[in-house]
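Chemist: Following is a predicted model, sequence given first.
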Amino acid sequence: MRLLQQPVDSLRLQLGQVLDHSTQLLQQELSQLLAHVNERLKETAEILHDTQQTLGDRLDHKARVVGSLQKSLNGLEEAKGTNIEERSAKSVGESCQA
């Protein structure tokens, strides 16, 4: 029984060493993979931030253009309304004179 115990203990020791080495290698690879993933996430976050900034700037510009157009249209509508009112008053004045 004692004769079998030594080879079994030796194999157990060798297996433990192989498992420890394999575990260390796996941990190193996982650490490298995690660092790579974190780097890509950081890059993606930066790209998203830049994209959001660009979209926000474009939307702000479009909002200013639309606001300017609305002011211009309101001015045209007021001018048109004033002209119509002036013509109506003129027309009423001419009718009253006739």
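Modeler: The structure has been received and is ready for your questions.

Chemist: where in the chain is pLDDT low?
Modeler: For the chain, the stretches with pLDDT under 70 are 1, 83-98.

Chemist: show me where it has helices.
Modeler: Listed in chain order, the helices of the chain (DSSP state H) span 2-97.

Chemist: Check the gap between the residue positioned nearest the centre of it and residue 59 for me.
Modeler: In the chain, the residue lying closest to the centroid (C-alpha atoms, centre = their mean) is residue 48, at 4.0 Å. From residue 48 over to residue 59 the distance is 16 Å, taken as C-beta to C-beta, to the nearest Å. Just so you know, the C-beta spots here come from the backbone N, C-alpha and C atoms, and that holds for glycine as well.

Chemist: now swap in residue 82 and tell me
Modeler: Counting by C-beta to C-beta, the gap from residue 82 to residue 59 is 34 Å.

Chemist: repeat for residue 5
Modeler: From residue 5 over to residue 59 (counting by C-beta to C-beta), the distance is 78 Å.

Chemist: ok, so what distance separates residue 69 from residue 59?
Modeler: For residue 69, the distance to residue 59 - C-beta to C-beta - is 15 Å.

Chemist: meant to ask about residue 65, not that
Modeler: Residue 65 sits 11 Å away from residue 59 when distances are taken as C-beta to C-beta.

Chemist: ok, now residue 25?
Modeler: Residue 25 sits 51 Å away from residue 59, taking C-beta to C-beta as the criterion.

Chemist: Could you do residue 43 as well?
Modeler: Applying C-beta to C-beta, the value for residue 43 to residue 59 is 25 Å.

Chemist: Also residue 36?
Modeler: Separation of residue 36 from residue 59 (C-beta to C-beta) stands at 35 Å.
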